[in-house]
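>>> Here is my input; please provide its structure:
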Amino acid sequence: MEENELIQKFGFNFKISRMKLKLTQDDIAEITGLSKTYLSNIENGKYNPSLTNALKLSKAVNKTIEELISDI
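Numbering: from 1, shown residues only. Presented below is the predicted three-dimensional model:
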């Protein structure tokens, strides 16, 4: 899997997981301390989150990093 594909998959899976929990980007921003703009860019596959931020995001939606980069 190429890096760009991995970044897009993480963002897409994160967004789907967030929406299933009925959480807004504002909710996630409050939980993680990350900005809403940063979250939007991750969800749209524009930003590659650091490992630390990927862990924060995965915990916020009760998923593992592995689950967020796999095919759902």
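
>>> report the longest helix in this structure, please.
Taking DSSP state H as the criterion, the chain has its longest helix at helix 3-20.

>>> Identify the residue nearest the geometric centre of this protein.
Nearest to the mean C-alpha position of the chain, by C-alpha atoms, centre = their mean, lies residue 14 at 3.8 Å.

>>> gap between the next helix or strand after the longest helix of the chain and the chain center?
Next in sequence after helix 3-20, counting helices and strands by DSSP states H and E, comes helix 25-32. Computed by C-alpha atoms, centre = their mean, to the nearest Å, the chain-centroid distance of helix 25-32 equals 11 Å.

>>> For helix 25-32, buried residues please.
Neighbour-count burial for helix 25-32 flags 25, 28, 29, 32 (criterion: 16 or more other C-beta atoms under 10 Å). Every C-beta, even on glycine, is put in place using the N, C-alpha and C of the backbone.

>>> ok, and what's touching the helix or strand following it?
Heading C-terminal from helix 25-32, the first helix or strand you meet, by DSSP H and E, is helix 36-43. The set of residues external to helix 36-43 that reach it, using C-beta atoms under 8 Å, 6 or more residues apart in numbering, is 10-12, 14-15, 18, 25-26, 28-29, 47, 49, 57.

>>> Flag every buried residue along helix 36-43.
In helix 36-43, counting by 16+ other C-beta under 10 Å, buried: 38, 39, 42, 43.

>>> quick one on the thing from earlier: tabulate the contacts of helix 36-43 in CSV, adding columns for distance to residue 63 and pLDDT.
Formatted as CSV, the contacts of helix 36-43 follow (distance: C-beta to C-beta, whole Å; pLDDT from 0 to 100):
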residue, distance to residue 63, pLDDT
10, 10, 97
11, 13, 97
12, 13, 97
14, 8, 98
15, 12, 98
18, 10, 98
25, 16, 98
26, 19, 98
28, 12, 98
29, 18, 98
47, 18, 95
49, 14, 97
57, 9, 98
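
>>> In TSV, list those along with distance to residue 4.
Shown next, in TSV, are these (distance: C-beta to C-beta, whole Å):
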residue	distance to residue 4
10	11
11	11
12	12
14	16
15	17
18	21
25	22
26	27
28	23
29	25
47	12
49	14
57	18
